[in-house]
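[1] Sequence and computational prediction follow.
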Amino acid sequence: MRSVFYPRLVNGAFGDPALYIHLAHRGQALLFDCGDLHALTVRELLKIRAVFISHAHIDHLVGFDALLRAFLYHDLNLQLFGPAGIIDQLAGRLASYTWNLTAGFSFVLTVREWRGDRLEETVFRAQNGFAAEPQPGRDCRDGLLYETPFCHVRAVRLEHGDISSLAFALEEPLHIAIHRDALEQRGFLAGPWLGRFKDLVLQQASGQTIMTVPLADGDTEEVPLAELVENIASTERGMKVCYVTDASPISTNLRKIIDLAAAAHLLVIEAVFIHQDLPRARLRNHLTARIAGCLGRLAGAMRLRVFHHSPRYLDRPQLLDAEAQDAFLQKPKDDS
Ligand SMILES: [Zn+2]
Ligand SMILES: [Zn+2]
């Protein structure tokens, strides 16, 4: 399958959590957690359309100011999703600056917090000095926080000590593959029209919809959508990327993670300690590398990427990844 999500751990396996996912052919990105963002260029930051925060520990949110600074001067909307309390926390953060010169600015930040049953919403506009404007909110028992025709994000709440940490699954509803040889046979020229074609299919547009298709000889041809679907495309299950971090190693969490990550193409999951240090992992409410690997295997994930390593293993940088991949690829051990 040709990938539509290009994930990148902004600060590698040992740095602050921040997973930047570029959406192919859309010039857009999503961000999962908002640790230090200095490794991203302003251009990359401005592609972000939605940010998903697991919880408000400082290593997961300290990059918010870099985002705000980049977006402030642009006519853009940014959506941010997080756990209960995130609206007040960001309102406090925004209120800590002076905004007397932003009346002409059009940047809008929409913050939504998921409390397990409802998704509450507050809008903050630069032109109003980021004063909180509470909105009606909506019922959200299924955890489906974000939905566009080409991707959606679902969340579950995990226990992280006495607070919740959200884990997320980013999924493409349907993957549309283009047959390059069929394009050539028809004399069609590949280009941006294929993106529009995929959008129309995902939006379930009428088969009678006419598309203007550029031809290799420089001409164009008017082709009904249904004919294109029949001739140049096929559909399959969409791509799925799962992001899991800061979860206590307890059975309720493990079950939720396995469900969320079921058959994911990629599971990006914390591996803070080696399994030998499980007592410390329990104390700090984090997963071990072996548990992370086992969860990937039990969920039937295709690939596993571990991160959020404790700096105590910096002298053995591959140790946690090796332990996680071992557990991911091997049969369960008796003592695991
Ligand atoms: Zn953390
Ligand atoms: Zn934490």
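    Noted; the coordinates are in hand. Ligands and ions are numbered 1, 2, ... in the order given.

[2] how about the residues of the stretch 101-250 of the chain near ligand 1?
    Selection of the stretch 101-250 of the chain residues close to ligand 1 by C-beta under 5 Å from the ion yields Asp246. Bear in mind the C-beta positions are built from the backbone N, C-alpha and C, glycine included.

[3] quick one: the strands in the stretch 101-250 of the chain?
    108-114, 118-125, 132-134, 138-139, 144-147, 152-160, 163-171, 175-178, 210-214, 220-224, 233-236, 240-244 (DSSP state E, counting those that start in this stretch).

[4] His60: which of those strands is closest?
    Evaluated with C-beta to C-beta, the strands of the stretch 101-250 of the chain place strand 163-171 nearest to His60, the distance being 8.5 Å.

[5] got JSON lines for the strands of the stretch 101-250 of the chain, with mean neighbour count, mean pLDDT and distance to Arg69 too?
    Shown next, in JSON lines, are those (neighbours: other C-beta atoms under 10 Å; pLDDT from 0 to 100; distance: least, C-beta to C-beta, whole Å):
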{"stretch": "strand 108-114", "mean neighbour count": "22", "mean pLDDT": "98", "distance to Arg69": "12"}
{"stretch": "strand 118-125", "mean neighbour count": "18", "mean pLDDT": "98", "distance to Arg69": "15"}
{"stretch": "strand 132-134", "mean neighbour count": "13", "mean pLDDT": "98", "distance to Arg69": "20"}
{"stretch": "strand 138-139", "mean neighbour count": "9", "mean pLDDT": "96", "distance to Arg69": "30"}
{"stretch": "strand 144-147", "mean neighbour count": "16", "mean pLDDT": "96", "distance to Arg69": "24"}
{"stretch": "strand 152-160", "mean neighbour count": "21", "mean pLDDT": "98", "distance to Arg69": "25"}
{"stretch": "strand 163-171", "mean neighbour count": "24", "mean pLDDT": "98", "distance to Arg69": "25"}
{"stretch": "strand 175-178", "mean neighbour count": "17", "mean pLDDT": "86", "distance to Arg69": "36"}
{"stretch": "strand 210-214", "mean neighbour count": "15", "mean pLDDT": "93", "distance to Arg69": "40"}
{"stretch": "strand 220-224", "mean neighbour count": "13", "mean pLDDT": "93", "distance to Arg69": "44"}
{"stretch": "strand 233-236", "mean neighbour count": "13", "mean pLDDT": "88", "distance to Arg69": "41"}
{"stretch": "strand 240-244", "mean neighbour count": "28", "mean pLDDT": "98", "distance to Arg69": "24"}
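
[6] I'd like those strands as a markdown table, with distance to ligand 2 appended.
    Listed next are the strands of the stretch 101-250 of the chain as a markdown table, based on distance: least, C-beta to the ion, whole Å:
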| stretch | distance to ligand 2 |
| --- | --- |
| strand 108-114 | 17 |
| strand 118-125 | 22 |
| strand 132-134 | 25 |
| strand 138-139 | 27 |
| strand 144-147 | 20 |
| strand 152-160 | 5 |
| strand 163-171 | 6 |
| strand 175-178 | 33 |
| strand 210-214 | 48 |
| strand 220-224 | 52 |
| strand 233-236 | 36 |
| strand 240-244 | 12 |
